[in-house]
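Undergrad: Show me how the following folds:
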Amino acid sequence: MRTPFRSAANMASRPIAASRPITASRRAFLVASAGGVAGLHFGRPAQLWGQTPVGQTASPGNSSGGEQAAGKAKSVILFFLCGGASQIDTWDMKPEAPAEYRGPFAPIATSAPGLQLCEHLPMLSKQAHHLAVVRSIDGTVNTNDHHAGYYYNLTGHVPDPTFLSQGNNRRPYPDDWPYMGSVVASRRPSRGGLPNALTLPHMPSPAPYTRPGQFAARLGVEFDPLYVHGSREEPLKFHAPTLALAGDVTKEQLRSRRELLTELDGARRQFEASPIERTWKQHQQRTMELLLSADTTTAFDVSEEPAAVRERYGDSVNAMSLLLARRLVEAEVPFVTVFWQGDDSLKKKCASAGSWDTHGNNFNCLKDDLLPEFDRAFSALLEDLAERGLLDETLVLVTSEMGRTPKIGDPRSGGSSGAGRDHWTHCLSVLMAGGGIRGGQTFGSSDRLGEYPQDHPLTPADIAKTVYFATGTKDLIATDAQGRPYNLLDEGRPLTELF
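TA: Reported below is the predicted structural model:
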């Protein structure tokens, strides 16, 4: 049995600006997300970034975009609707289907001729001219569950048999395929300051059931995202739990200690041929840059935004996470992931963990809670990026680990009387905008009941390849522990028709 991957992002947390005093014996800093020594023995570092510069033609077999010019996305914001959003109640409605499938919601016209969305998305309907709605994704996994759904949709790779044999006990492993955000981040040069990939406002799901697929894994722990945490109780406060200076250590003292460490490193050069030692030095450098960078704290401070801007997004942690994502795009972070944070107060109402996993009371949960929060925040993000001239160079992607059963009724919540929708990995939709995408269009279709893809069937690999294409990520070659090259994603093709 493989040893579970222990990401350093799981280490004890403390805000950037620690408020409680720390004793002199603990005057040290916690390293960034991928900086834990425990993780160094598991990941295997590959190339620090691609051998093929962005914008040039990759060697045969490496290109994800053929002869067509790649997209122009400098950054990506991936908004992941944890739990499994219902495609048939949002952006792939079936008004002609029988009532036991279509439900009570009605479609409405949008700012894009011919593109309809759910009536409970009125604000997003005004931004639909920015959207490309892809409705034909077959994300079937052998377990039809969250773990495998996360993995498939975050990496583009079909889950291996361990997802079936281990179920919810299937942990992230060091030889998993890497998260698409880590791949993009690894192919961009380090700029200093903020890292190339950040994830907020939480790491799904609570340990020990951490979802596989959100880490760099075999690509190397140095490419793990930095996790920035927020909470529903204090939505304006974000902190990197694995990044903090001790309370009485100044940046000047840190610089002095860095000079001392440089001298001490001279006595350790016999270890520098070790891959683990090289990786550790990369973590040291990354952490030092983060701790000494003014961007580290200022970029996370959404309270600096005008009250009117915050009001437009809404007052939830998910809304503020999208606002923070926009700030990180302005700071030129290449990949920002926002995992929807559930509301514990909805657990009983929705027979779920408080997110989009609406096993019961699906329609009231969507109408009263999930859709209004999503509608306001996501429409604000699109509007904000467009007004600031950032949308054209920022790819925005909304996806989930699965769709929901088109036929209403989940046995776990009383069948049809419980008005829930169960897991359904066989058909889901994604939203794309910006980064060279032509807005106001749909691509592919599901069948008349919304059960399976019909026209232009796709898989999560096609979506991942489209992200790579949009960002100009052409080099998908990495090396294994023996130095042998392998392709990070053989399957799928980019949807160049969207650009």
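
Undergrad: shaky segments in the protein?
TA: 1-70, 192, 241-297 (pLDDT under 70).

Undergrad: On the three-state scheme, the most centrally placed residue in it is what?
TA: The residue lying closest to the centre of the chain (Cα atoms, centre = their mean) is T337, at 3.3 Å. Secondary structure, DSSP: H, G, I helix; E, B strand; the rest coil: T337 is strand.

Undergrad: From M180, how far out is it?
TA: Counting by Cβ to Cβ, to the nearest Å, the gap from T337 to M180 is 9 Å. C-beta here means a position set from N, CA and C on the backbone, and glycine is covered the same way.

Undergrad: And P235, by the same measure?
TA: For P235, the distance to M180 - Cβ to Cβ - is 27 Å.

Undergrad: and what of A207?
TA: 23 Å.

Undergrad: quick one: which of these two has more around it?
TA: M180 (29 against 8; other Cβ atoms under 10 Å).

Undergrad: Quick check on that one: phi, psi?
TA: phi -60, psi -30 (degrees, to the nearest 10).

Undergrad: Spit out the contact partners of it.
TA: L154, T155, G156, A464, V467, Y468 (Cβ atoms under 8 Å, 6 or more residues apart in numbering).

Undergrad: Among these, name the ones in helices.
TA: Members of these lying in helices (criterion: DSSP state H): L154, T155, A464, V467, Y468.

Undergrad: now, which of those residues sits nearest A433?
TA: Checking these against A433 by Cβ to Cβ gives V467 as the nearest, at 12.8 Å.

Undergrad: Can you tell me the closest non-neighbouring residue to that closest one?
TA: M180 (5.5 Å; Cβ to Cβ, 6 or more residues apart in numbering).

Undergrad: how about the helices in the stretch 101-250 of the chain?
TA: Along the stretch 101-250 of the chain, the segments classed as helices by DSSP state H, counting those that start in this stretch run 122-125, 146-155, 162-166, 180-186.

Undergrad: Now do the helices in the stretch 301-450 of the chain.
TA: Under DSSP H, counting those that start in this stretch, the stretch 301-450 of the chain gives helices at 307-313, 317-330, 347-350, 362-365, 371-387.

Undergrad: Turn these into CSV, columns for mean neighbour count.
TA: Compiled in CSV, these are given as follows (neighbours: other Cβ atoms under 10 Å):
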stretch, mean neighbour count
helix 307-313, 15
helix 317-330, 24
helix 347-350, 17
helix 362-365, 22
helix 371-387, 22
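
Undergrad: Tell me which of these approaches A216 most closely.
TA: helix 317-330 (18.5 Å).

Undergrad: I'd assumed E383 was in contact with R326.
TA: No. Under the criterion of Cβ atoms under 8 Å, R326 makes no contact with E383, lying 10.5 Å away.

Undergrad: ok, for L381, nearest residue in space, not its chain neighbours?
TA: Leaving out its chain neighbours, the residue that sits closest to L381 by Cβ to Cβ, 6+ apart is L322, at 4.6 Å.

Undergrad: list the contacts for the one you found?
TA: So L322 contacts I77, F79, Y313, V338, A377, F378, A380, L381 (Cβ under 8 Å, 6+ apart).

Undergrad: could you redo the last one with a cut-off of 6 Å?
TA: V338, A377, L381 (Cβ atoms under 6 Å, 6 or more residues apart in numbering).
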